[in-house]
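> how would this look folded up:
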Amino acid sequence: MSYPRIDLDGALIAITGAARGIGLATARAFVEAGAHVALGDLDESLAVQAAAELGDRAVGHVLDVTDKASYAAFLDAAARWRGRPLDVLVNNAGVMPNGPFLDQPDRIDQLTMDVNVYGVIHGMRLALPGMVERGYGHVVNVASLAGKFPLKGLAVYNASKFAVVGLTAATRLELDTTGVSLSAVLPSAVHTELSSGIDYGILPAVEPEDIAAAVVRTVKTRAAETAVPGYVGLAANASGLVPETVMRLLRKAAHDDAAITRVDDDVRRVYLDRIEKQ
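This next block holds a predicted model:
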C-alpha cells in the first residue's frame, strides 16, 4: 500500500505524554526534522517548560487523554497554533503499574485501561476523521512488546498493550484505501521513569531516543509494526511456535518475573505514587 508523502519540514505533529521520557524524546526528534510539535501532558507546567526548551517550533498544553473533551481541546489548540490541520498524531501517553494480578486494586486496573486504551481510542476518533477527509495523515500508537509477549507482574498492562496492537492493526485495515496510515511502535523495556526500579536482567532495554527515532521513521516507511529492538520483535513473534515447556524454561532463565521479584520498592514507589494521583 502506498500513502501520500508527509514532508516533516513544516508539518504539524501532536504528541501525548510528551513532557518526559519517550514523548519528549519524540518531540525533540520531530523538531530536529523541521516539524512543529504540540506537546500534550497531564502535567501542564512540565509540558510548557519542555516546549520552551525545544524552541519556537514547540508548544505545550495540558492534556488528560482519559477525557475526550480535553483531548479535543488539545488537538484544536494545536491546529489553531499553526493555522493548519494535523499531519501526524503520536499516541504515546501510558502508565505501567506492576505487581501480582490478584493484588492489583480495581482503581489501578481502571486507570491503566483508561490511559493506555481509551486514551488511544479518543485520539484516533478525534484525529482520523479529518485525516480521512483530506486523504492523508499518519497516526503512531506507542504500544509495547508486552503487547505480543506477556510478562508476569504486568497482566493488566499486557492486556492494555495487546489491545493497542490489535486496535492499530484493525483500524489500519479499515482505512487502507483512504490515504491515511496507522503504525504501532513496540518498545522493549525503556530507560524511563515508567520502568524505573525494575531490574529486567538480560532482557534488553533501550533509550527513549531509540523509540523516538522509530516513531519518526514510520512517517516515511508507514510500517504496520516496528519493534525496538527489532530482533526482540522477531523473538516475540516466534515465541508462539516454541513448546510451552521449553518456553517456560527460557522465561525462567530470562527472569520474566522481574516486575514482581526484582523490584527496588523505594525507587518504584516514586513512579507509582505519581500515576496513582492522576
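> Over to residue 84. Which of the three states is it?
Per DSSP: H, G, I helix; E, B strand; the rest coil, the local secondary structure of residue 84 is coil.
> who touches it in this structure?
Going by Cβ atoms under 8 Å, 6 or more residues apart in numbering, residue 84 touches residue 12. Where C-beta positions appear, they are placed from N, C-alpha and C, glycine not excepted.
> remind me which residues of this protein are low pLDDT?
Counting by pLDDT under 70, the ranges of the chain that qualify are 231, 233-235.
> Please repeat the previous calculation with a cut-off of 90.
Residue ranges of the chain with pLDDT under 90: 1-2, 149, 189, 200-205, 229-256, 276-278.
> ok, longest strand in it?
Under DSSP state E, the strand in the chain containing the largest number of residues is strand 180-187.
> same for that strand, what does it pack against?
If you count contacts as 3 or more Cβ pairs under 8 Å, 6 or more residues apart in numbering; DSSP states H and E, strand 180-187 packs onto helix 119-134, strand 137-142, helix 155-174, helix 208-221, strand 225-228.
> send the alpha carbons of that strand over as CSV?
Below are the C-alpha coordinates for strand 180-187, written out as CSV (Å, rounded to 0.1, in the frame of the first residue of the first chain):
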residue,chain,number,x,y,z
VAL,A,180,-4.3,7.5,6.0
SER,A,181,-1.9,5.2,7.8
LEU,A,182,-1.5,3.8,11.3
SER,A,183,1.6,2.3,12.8
ALA,A,184,2.3,0.6,16.1
VAL,A,185,5.7,1.0,17.7
LEU,A,186,6.6,-1.7,20.1
PRO,A,187,9.4,-0.9,22.5
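> Next, the angle strand 137-142 makes with that strand.
Calculated by axes from the mean of the first three to the mean of the last three Cα atoms, to 10 degrees, strand 180-187 forms an angle of 20 degrees with strand 137-142.
> Parallel or antiparallel, which strands does strand 180-187 pair with?
According to DSSP bridges, strand 180-187 forms sheet pairs with strand 137-142 (parallel), strand 225-228 (parallel).
> Deepest-packed of the ones you listed, please.
Comparing the strands paired with strand 180-187 by mean neighbour count (mean count of other Cβ atoms under 10 Å), strand 137-142 ranks first with a mean of 26.
> Could you quantify the relative orientation of it and helix 119-134 as an angle?
Here the directions of strand 137-142 and helix 119-134 differ by 170 degrees (the same axes, to 10 degrees).
> Not counting strand 137-142 itself, show me its contacts.
Residues outside strand 137-142 that contact it (Cβ under 8 Å, 6+ apart): 3, 6, 22, 86-92, 94, 120, 123-124, 127-128, 130-131, 164, 167-168, 179-185, 187, 211, 215, 218-219, 222.
> quick one: residue 248 from residue 145, how far?
19 Å (Cβ to Cβ, to the nearest Å).
> okay, these two: which has more neighbours?
Applying other Cβ atoms under 10 Å to residue 248 and residue 145 shows that residue 145 carries more neighbours, namely 23 against 12.
> these two touch, right, the more buried one and residue 190?
No - with contact defined as Cβ atoms under 8 Å, residue 145 does not count as touching residue 190 (10.3 Å).
> hmm, back to that, so which of the helices and strands packed on strand 180-187 is the most surrounded?
Across the helices and strands packed on strand 180-187, averaging neighbours per residue (mean count of other Cβ under 10 Å) puts strand 137-142 on top, at a mean of 26.
> Residue 62 touches residue 44, doesn't it?
Yes - using Cβ under 8 Å, residue 62 makes contact with residue 44 at a distance of 3.7 Å.
> what do those two both touch?
With contacts defined as Cβ under 8 Å, 6+ apart, no residue is shared by residue 62 and residue 44.
> State the number of residues packed around the closest residue to residue 21 other than its chain neighbours.
Ranked by Cβ to Cβ, 6 or more residues apart in numbering and with sequence neighbours excluded, the top spatial neighbour of residue 21 is residue 192, at 3.7 Å. Residue 192: 21 surrounding residues under other Cβ under 10 Å.
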